[in-house]
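1. What would the 3D arrangement of this be:
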Amino acid sequence: MDRVRRFVARRRRPNSAAVSVAHAYWGALMGGVYEQASPQFPDSPGDWNSTPAWETWDSFGGKAGKSLTLHHMAVSSGVPWNGGPVFTNSTLRSEMDGVRARKAIPIYSVTTGTTPLKNYATGTYDAGATGIDQWFADMAAWGHPFVLRLNWEMNGDWFSHAPGNSTQVTASGTIAQAQIDYVAAWKHLHDRCVAQGATNVTWFWCPNIPDTLTGPLATDLTKYSPLDKVYPGDSYVDAVGGDGYNWDTIKFPNWQKPNEVFDNLKSALAGGTIPNTGVISAGIASKPVVIGEVNCHEPYGGPVRTAGGASSVSNPQNKADWYTNLITVYAPNWSQLKGICMYNRPDQNPSLTTGAQWGIDTTPQSLAAFKAAIDTSYYASSLPTMSDLAKVVWPS
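-> Sure thing, here's the model as predicted:
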């Protein structure tokens, strides 16, 4: 009998999301214009827009059919090095309070922008009413747990805070020195945060996915940084993760399944080696993993890769199946994964024929698949009690 019980218990371990205990938070970075149906709302709070709209949150959550537990806020104001107001300015504070009131955890993305990375470790921006020390002191005064996603996708060259960006290479002299300066800047900001008592900040290191195809992130080290060169260290990072998309033929030779998008990142975050990157750190495999941005392009009329590998005219079921695979198969089998945030904005061009379409509702099929996939107890619809001035508590 005991042997039978053990056999049954083994068989009940999840191979998909059909389990009774939540193992991951979920949420989104939302922009109202992503919605293909009427009405279209403005951007949601904290999303590159001075006119936040809770209607977008309500619309997204209503379509998904489930309460969000993460809200990704990409805020360009409120950081002292951009000359903006401090953390407790009225707009940002009200948005953070609003996210908390809606029972979700803010993921607050902040870029240091074009400011030279080499200037941070010297303390240039620490003092003053809008300095870094005051910024973190205000975070401590707010007190509630949140996630700080600092200088994301730093392994690429497209953001001005990245070591491979021409602005930083020029300031530091070489990309190798810019990588050193990036790590030093992160450590300095972390140390100032600790010194001001902002123990409610969960530090989230979020690179872009390393290329799984033979692409620039895998080969061109004059612009792109190996992950082990830009990791600040286990003592300076609370959560790790990355951003990844199925761009289809907009940026890649073919349609990419979730495993093709994320397997290299998954291996690196588990302490493995991948092309051009050594072991990131001894302790990285114990860190919770959060996908900061993810989605799948809806390739209207474009070529896609079918199950057999051949190209065909776009089928709305392709994106629907991609959601099902990611949310119910791939993610639940990634044991480190504790959070996932959808990116729900159009990429540059909102046209259905020329722009990348990231919305969950680009077709009835994609929305139905997303809703069915996320509607499982694997993904939390509520949060546990979390103490003030403490780190985010991740699902077990």
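2. Can you pull the phi and psi angles for residue 377?
-> phi -70, psi -10 (degrees, to the nearest 10).
3. Confirm for me that it is in contact with residue 66.
-> No. Residue 377 is beyond contact range of residue 66, at 10.6 Å (criterion: C-beta atoms under 8 Å). Bear in mind the C-beta positions are built from the backbone N, C-alpha and C, glycine included.
4. where does residue 115 fall, phi/psi-wise?
-> phi -60, psi 130.
5. Let me fix that, I meant to ask about residue 243.
-> phi -110, psi 140.
6. one step back: okay, residue 377 and residue 66: which has more neighbours?
-> More neighbours surround residue 66 than the other of residue 377 and residue 66, with 16 against 13 (other C-beta atoms under 10 Å).
7. Double-check the more buried one against residue 380; I have them as touching.
-> No. The criterion here is C-beta under 8 Å, and residue 66 misses it with residue 380 at 9.5 Å.
8. list residues touching both of these two?
-> Common neighbours of residue 66 and residue 380, counting by C-beta atoms under 8 Å, 6 or more residues apart in numbering, are residue 26.
9. What ranges does the stretch 51-200 of the chain have for its strands?
-> 70-74, 105-110, 146-150 (DSSP state E, counting those that start in this stretch).
10. Could you do the stretch 251-396 of the chain as well?
-> Using DSSP E, counting those that start in this stretch, strands in the stretch 251-396 of the chain cover 289-296, 303-305, 311-313, 337-344.
11. now the last one: mean pLDDT?
-> Strand 337-344 carries an average pLDDT of 95.
12. Just want the angle from it to strand 70-74.
-> Going by axes from the mean of the first three to the mean of the last three C-alpha atoms, to 10 degrees, strand 337-344 is angled at 50 degrees with respect to strand 70-74.
13. Given strand 337-344, what are its sheet partners and their directions?
-> strand 25-30 (parallel), strand 289-296 (parallel) (DSSP bridges).
14. residue nearest the centroid of the chain?
-> In the chain, the residue lying closest to the centroid (C-alpha atoms, centre = their mean) is residue 292, at 0.8 Å.
15. I'd assumed residue 204 was in contact with that one.
-> Yes. Judged on C-beta under 8 Å, residue 292 makes contact with residue 204 at a distance of 7.3 Å.
16. Next, show the common contact partners of these two.
-> Contacts common to residue 292 and residue 204, judged by C-beta under 8 Å, 6+ apart, are 107, 149, 241.
17. then stretch 382-392 to CSV, C-alphas only?
-> Only the C-alpha atoms of stretch 382-392 are listed here, as CSV (Å, rounded to 0.1, in the frame of the first residue of the first chain):
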residue,chain,number,x,y,z
SER,A,382,-3.9,37.0,-4.4
LEU,A,383,-0.9,37.8,-2.3
PRO,A,384,0.2,36.5,1.1
THR,A,385,0.6,39.0,3.9
MET,A,386,3.9,40.8,3.6
SER,A,387,5.5,42.9,6.3
ASP,A,388,6.6,46.5,5.7
LEU,A,389,10.3,47.1,5.3
ALA,A,390,10.7,43.5,4.1
LYS,A,391,11.5,41.9,0.8
VAL,A,392,8.8,40.5,-1.5
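18. Enumerate the positions of that stretch that are buried.
-> Neighbour counts over stretch 382-392 (16 or more other C-beta atoms under 10 Å) mark 383, 391-392 as buried.
19. How about residue 162, nearest residue that isn't a chain neighbour?
-> residue 154 (4.9 Å; C-beta to C-beta, 6 or more residues apart in numbering).
20. Show me which of the buried residues of stretch 382-392 is closest to residue 200.
-> The nearest member of the buried residues of stretch 382-392 to residue 200, counting by C-beta to C-beta, is residue 391 at 7.3 Å.
21. Against residue 112, how distant is the nearest residue to the closest one once chain neighbours are set aside?
-> Among residues not flanking residue 391 along the chain, residue 202 sits closest, at 4.9 Å (C-beta to C-beta, 6+ apart). Distance of residue 202 to residue 112, computed by C-beta to C-beta, to the nearest Å: 19 Å.
22. again, but for residue 68
-> As defined by C-beta to C-beta, residue 68 lies at a distance of 28 Å from residue 112.
23. now swap in residue 246 and tell me
-> From residue 246 to residue 112 the distance is 29 Å (C-beta to C-beta).
24. Check residue 209 too.
-> On the measure of C-beta to C-beta, residue 209 and residue 112 end up 22 Å apart.
25. So which residues of the stretch 201-350 of the chain form helices?
-> With DSSP state H, counting those that start in this stretch as the criterion, the stretch 201-350 of the chain has helices at 216-219, 258-269, 316-325.
26. Same list (the ones you listed) but as TSV, adding distance to residue 368, mean pLDDT and mean neighbour count.
-> Formatted as TSV, the helices of the stretch 201-350 of the chain follow (distance: least, C-beta to C-beta, whole Å; pLDDT from 0 to 100; neighbours: other C-beta atoms under 10 Å):
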stretch	distance to residue 368	mean pLDDT	mean neighbour count
helix 216-219	33	60	18
helix 258-269	18	94	21
helix 316-325	7	93	21
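27. ok, back up a step: residue 162 is nearest to which of the strands paired with strand 337-344?
-> With C-beta to C-beta, the closest approach to residue 162 among the strands paired with strand 337-344 belongs to strand 289-296: 14.9 Å.
28. residues contacting residue 27?
-> 68-72, 104-105, 107, 339-342.
29. Find the nearest non-adjacent residue to it, please.
-> residue 70 (3.0 Å).
30. Now do the helices in the stretch 1-150 of the chain.
-> Taking DSSP H, counting those that start in this stretch as the criterion, the stretch 1-150 of the chain carries its helices at 2-12, 54-64, 90-101, 132-142.
31. And for residue 174, the neighbour number?
-> As a burial measure, residue 174 scores 12 neighbours (other C-beta under 10 Å).
32. Then the one 10 residues further on?
-> Residues near residue 184, counting by other C-beta under 10 Å, number 16.
33. Wait, it touches residue 119, no?
-> No. Counting by C-beta under 8 Å, residue 184 does not reach residue 119; the two are 10.2 Å apart.
34. now the helix ranked longest in the chain, how far from the centre of its chain.
-> Counting by DSSP state H, the longest helix found in the chain is helix 175-195. Chain-centre distance of helix 175-195: 20 Å, with C-alpha atoms, centre = their mean, to the nearest Å.
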